[in-house]
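Undergrad: got a sequence here, can you build the structure:
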Amino acid sequence: AMALRAFINSPTGPKTTHFWGPVANWGFVLAGLADTSKPEHMISGPMTGALVVYSGLFMRFAWRVQPRNYILFACHTANANVQAYNFQRWARWSSAQEAPSAQT
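TA: Numbers count the residues shown, from 1 in each chain. Alright, predicted model coming up:
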């Protein structure tokens, strides 16, 4: 009970935006996971690339901000990985579309 009370009242606990912001950002990760089952032509390469950069920048922010925000760091680490996976799927598909077909 004491540990739970300490977490609730901590500078990164559920009484602060340091908690609820990262919780809301898990929506990006869930959306990225949903995109892993979509066909590559439905993935927006520029948007997915922007999300990789966005999460990379916010990983650094989460690490540097005081108090250090581990929840935000974990969220953006997961998002950067999921989005990078989707980006490489899109990039491979996109380059295959641009390459002349070897069978023609």
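Undergrad: in the protein, which residue is most central in space?
TA: When Cα atoms, centre = their mean is applied to the chain, the residue found nearest the centroid is residue 79 (1.7 Å).
Undergrad: so it versus residue 97, what's the distance?
TA: Distance of residue 79 to residue 97, computed by Cβ to Cβ, to the nearest Å: 26 Å. Glycine gets a C-beta too; all of them are placed from N, C-alpha and C.
Undergrad: could you export the strand or helix carrying residue 53 as CSV, CA atoms only?
TA: Using DSSP states H and E, residue 53 sits within helix 45-64. Provided in CSV are the C-alpha atoms of helix 45-64 (Å, rounded to 0.1, in the frame of the first residue of the first chain):
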residue,chain,number,x,y,z
GLY,A,45,5.7,6.0,-46.1
PRO,A,46,6.1,9.7,-45.3
MET,A,47,3.9,9.6,-42.2
THR,A,48,5.5,6.4,-40.9
GLY,A,49,8.9,7.9,-41.4
ALA,A,50,7.8,11.1,-39.6
LEU,A,51,6.6,8.9,-36.7
VAL,A,52,10.0,7.2,-36.5
VAL,A,53,11.7,10.6,-36.2
TYR,A,54,9.1,11.9,-33.8
SER,A,55,9.5,9.0,-31.5
GLY,A,56,13.3,9.1,-31.7
LEU,A,57,13.2,12.8,-30.6
PHE,A,58,10.8,12.1,-27.8
MET,A,59,12.9,9.2,-26.6
ARG,A,60,15.7,11.7,-26.1
PHE,A,61,13.3,14.2,-24.4
ALA,A,62,11.9,11.5,-22.1
TRP,A,63,15.5,10.5,-21.0
ARG,A,64,16.7,14.1,-20.5
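Undergrad: ranges for the helices of this structure?
TA: Along the chain, counting by DSSP state H, helices occupy 2-8, 17-35, 45-64, 70-98.
Undergrad: ok, and what's touching the second one?
TA: Applying Cβ atoms under 8 Å, 6 or more residues apart in numbering, the contact partners of helix 17-35 are 11-14, 42-43, 48, 51, 55, 62, 67, 69, 71-72, 74-76, 78-79, 82-83, 85-86.
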